[in-house]
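Asker: Turn this into a structure:
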Amino acid sequence: MERLTDLTVTEFTDILASDAPAPGGGSVAALFGACGASLAVMTANLTIGKKKYADHWNNAEAAKTVGEPLIEQFRKAIDDDTIAFNKLFEAMHLPKDTDEQKAIRRAAMEETTKEAANMPFHTLSLCAHTVAVLEKLAGRINPNCASDFGVGAAALQTAARGAWLNVCINLQSLSDAVFVNDLYTRAKAIYDDVTARADTLYRTVDEQCRPACNQIEG
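Answerer: Sure thing, here's the model as predicted:
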């Protein structure tokens with residue numbers, strides 16, 4: 001099976017726009033996470049080696065060391081989310097003509113739905129690690145890439161929002177109340193934390209990037 005991450009942007013978005021049930025929002029959430037982590041590493045790279053920002057090199061190197069593996073983990077999650085959904089899709093189409101077949105189908109759907117919920121939860125967890133990288137870099141990067149940093153924060157917030165929705169929609173159809181309550185509680189805590197922190201980072205950059213009032217006519 002061809003990996004989604006091996007496709008061109010055009011190929012990926014064409015599949016996304018088609019009537020194929022996957023890839024969908026879960027894979028896109030992971031893609032946004034990969035973009036957010038990549039932009040964090042980009043700002044570190046644009047700081048390292050610039051004499052003017054020598055005081056920030058060590059910090060940028062440390063952030064880069066943490067950020068680079070996160071990019072790859074998000075990339076993997078793009079495909080893993082679609083794989084998880086395809087397993088659920090296959091379970092949905094199991095035969096249900098007899099009571100035995102119905103029982104097998106119900107069990108398969110419960111198991112694959114749990115996997116489909118766990119996958120965006122993993123993406124959400126990666127977002128928590130990535131927002132910490134952005135915070136480590138905040139105010140200690142080459143200011144010429146401040147807008148790139150802000151887009152990274154925005155992308156990460158979108159990733160967290162998308163992953164959260166995909167956790168929730170899968171939990172809706174599960175009968176295991178203990179599993180649902182546990183995953184929902186943990187996901188909600190991460191979601192609230194990440195989106196708030198990413199929003200703070202974005203708003204700070206937004207204020208920094210706006211032109212001064214005397215540069216705006218009218």
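Asker: Now do the helices in the chain.
Answerer: Ranges of helices in the chain, per DSSP state H, are 9-17, 25-45, 57-92, 99-137, 146-171, 177-209.
Asker: To Arg3, which of those helices lies closest?
Answerer: helix 57-92 (5.2 Å; Cβ to Cβ). For the C-beta atoms, the positions are set from N, CA and C on the backbone; glycine is no exception.
Asker: What is the closest one packed up against?
Answerer: Where contact means 3 or more Cβ pairs under 8 Å, 6 or more residues apart in numbering; DSSP states H and E, helix 57-92 is packed against helix 25-45, helix 99-137.
Asker: mean confidence score for the first one?
Answerer: So that's helix 25-45. Per-region confidence: helix 25-45 scores 98 on mean pLDDT.
Asker: pLDDT score assigned to Pro21?
Answerer: Per-residue pLDDT puts Pro21 at 87.
Asker: my read: it touches Phe85, true?
Answerer: Yes - between Pro21 and Phe85 there is a contact under Cβ atoms under 8 Å: 6.9 Å.
Asker: Neighbour count for those two, which is higher?
Answerer: Taking Pro21 and Phe85 together and counting by other Cβ atoms under 10 Å, Phe85 has the greater number of neighbours (24 against 12).
Asker: residues contacting that one?
Answerer: Pro21, Ala22, Gly24, Gly26, Ala116 (Cβ atoms under 8 Å, 6 or more residues apart in numbering).
Asker: cool, Gly162 as well?
Answerer: So Gly162 contacts Gly25, Gly26, Val28, Ala29, Phe32, Pro120, Thr123 (Cβ under 8 Å, 6+ apart).
Asker: ok, now with 10 Å
Answerer: Listed by Cβ atoms under 10 Å, 6 or more residues apart in numbering, the contact set of Gly162 reads 24-33, 120, 123-124, 127.
Asker: now those in a markdown table, with distance to Arg106?
Answerer: As requested, these are exported to a markdown table (distance: Cβ to Cβ, whole Å):
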| residue | distance to Arg106 |
| --- | --- |
| Gly24 | 23 |
| Gly25 | 25 |
| Gly26 | 23 |
| Ser27 | 26 |
| Val28 | 29 |
| Ala29 | 28 |
| Ala30 | 29 |
| Leu31 | 32 |
| Phe32 | 34 |
| Gly33 | 33 |
| Pro120 | 23 |
| Thr123 | 27 |
| Leu124 | 27 |
| Cys127 | 32 |
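Asker: filter the residues you listed to the buried ones?
Answerer: 25-33, 120, 123-124, 127 (16 or more other Cβ atoms under 10 Å).
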